[in-house]
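Peer 1: Turn this into a structure:
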Amino acid sequence: MGEKDIAEKVLEEYDDVFADIVNVLLFGGERVIDPDELETAFSLSAYKADGRVRGLDRDVAKYWKKQNIRIAFVGFENQTTADKYMPLRVLSYDGGEYRKQYSDKGNDSVVYPVVTLVLYFGKEKWNYPKNLCGVIDIPKVFEPFVSDYKMNLFEISRLSEEQLDLFTSDFRIVAEYFVQTRVSGEYKPAPQTINHVQAVFHAMSAFTGDSRFEEVQHLVSDERVTTMCEALDIIENRGMKKGFEQGIREGRQEGIREGRQEGIREGRQEGIREGRQEGIREGRLELLIELVKEGKMSAEAAASKENMSVEEFKAIAKLS
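Peer 2: This next block holds a predicted model:
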């Protein structure tokens, strides 16, 4: 099982969150199921295909019990993308649980219902059928004889504000994010206290793919975080700090590049100046040598003008 699959389930495994989701989505917010009445169920069922036994692993499953008697089996399936054949998967999961009851009970035993909730976290509308007959090609002559099977699908990003207000657990934070980002593209969290901090950020990271929530997972253990507002402040402050540090690094590199270019420009200009001065000195020296050779100036006077000794001037001028 991948880390993403595990992260999606962690929050829903908590009994208070599980009961809250069922009570809001199935019973309109009525507190039908109490968290204390839930028992974690073995989520793996098996079937045989190609001569081998294969497993069907539900995301989350629990028994609802009263006075140690099982009343119902409830399972969750999380979807971030729409699956055309999801009704077949749900029927397979539910059929596996009914098969288990059939194997375990006698004729006088009570069979309890199996209910699956498909929680769809995608932003695009689910446009595939939500029932078995909608995804199979049924010859007309068989239509009266094929049993249909309904899928309980809930599009989390399309929950109403009234439905959001009914949630009392941390799941409201997750649902609120998907509703707000679908409607406005922005997320402004309510100041709700988070009870299962790490689990919430694991779920948000897995469901959204947003790296900010993955990053804050590693920060909440070091800093006291009780609301999503505080978590987003941490993310923003770290982003500003990183941006500042990145700006310094980029500024330093840019400064080095500009300094190098400025140095080249100044060096070139300095070279031109020095070359010009050197050219002037050489021209003046050549003129003085010519005047000395023509007898119009003494070697001593020419050497004095160039601030050199008479011997140096005679050596340069090749005078004996």
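
Peer 1: Check the gap between Glu294 and Glu306 for me.
Peer 2: For Glu294, the distance to Glu306 equals 17 Å [CB to CB, to the nearest Å]. The way it works is simple: take the backbone N, C-alpha and C, and place the C-beta from them, glycine included.

Peer 1: So what touches the lengthiest strand in the chain?
Peer 2: As assigned by DSSP state E, the longest strand anywhere in the chain is strand 69-79. Here strand 69-79 makes contact (CB atoms under 8 Å, 6 or more residues apart in numbering) with 8-9, 12, 18, 21-22, 41, 43, 58-65, 86, 89-90, 93-94, 97, 112-122, 207.

Peer 1: returning to what we had before: tell me which of Glu294 and Glu306 has more neighbours.
Peer 2: Each of Glu294 and Glu306 has its neighbours counted (other CB atoms under 10 Å); Glu306 has more, 15 against 8.

Peer 1: before we move on, back to that, what about the longest strand of the chain, distance to the chain center?
Peer 2: Strand 69-79 sits 29 Å away from the centroid of its parent chain (CA atoms, centre = their mean, to the nearest Å).

Peer 1: Next SSE downstream of that strand?
Peer 2: Note on strand 69-79: by DSSP states H and E, the next helix or strand toward the C-terminus is helix 86-104.

Peer 1: Go through that following helix and flag the buried ones.
Peer 2: Residues of helix 86-104 classed as buried: Met86, Pro87, Arg89, Val90, Leu91, Tyr93, Asp94, Gly96, Glu97, Lys100 (neighbour count, 16 or more other CB atoms under 10 Å).

Peer 1: Report the angle between it and strand 69-79.
Peer 2: 150 degrees (axes from the mean of the first three to the mean of the last three CA atoms, to 10 degrees).

Peer 1: Please give the centre-to-centre distance between helix 86-104 and its chain.
Peer 2: The answer for helix 86-104 is 35 Å, by CA atoms, centre = their mean.

Peer 1: pLDDT of it, averaged?
Peer 2: Helix 86-104 carries an average pLDDT of 91.

Peer 1: Alpha carbons of it, as PDB, please.
Peer 2: Taking Å, rounded to 0.1, in the frame of the first residue of the first chain, the C-alpha atoms of helix 86-104 are listed here in PDB:
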ATOM      1  CA  MET A  86     -16.800   2.600  -9.500                       C
ATOM      2  CA  PRO A  87     -20.300   0.900  -9.100                       C
ATOM      3  CA  LEU A  88     -18.700  -2.400  -9.900                       C
ATOM      4  CA  ARG A  89     -16.000  -1.900  -7.300                       C
ATOM      5  CA  VAL A  90     -18.600  -1.000  -4.700                       C
ATOM      6  CA  LEU A  91     -20.700  -4.000  -5.500                       C
ATOM      7  CA  SER A  92     -17.500  -6.200  -5.200                       C
ATOM      8  CA  TYR A  93     -16.700  -4.700  -1.800                       C
ATOM      9  CA  ASP A  94     -20.200  -5.100  -0.500                       C
ATOM     10  CA  GLY A  95     -20.700  -8.500  -2.000                       C
ATOM     11  CA  GLY A  96     -17.500  -9.700  -0.300                       C
ATOM     12  CA  GLU A  97     -18.900  -8.600   3.100                       C
ATOM     13  CA  TYR A  98     -22.200 -10.200   2.500                       C
ATOM     14  CA  ARG A  99     -20.400 -13.400   1.400                       C
ATOM     15  CA  LYS A 100     -18.500 -13.300   4.700                       C
ATOM     16  CA  GLN A 101     -21.800 -13.100   6.700                       C
ATOM     17  CA  TYR A 102     -23.200 -16.000   4.600                       C
ATOM     18  CA  SER A 103     -20.200 -18.100   5.500                       C
ATOM     19  CA  ASP A 104     -20.200 -17.300   9.200                       C
END
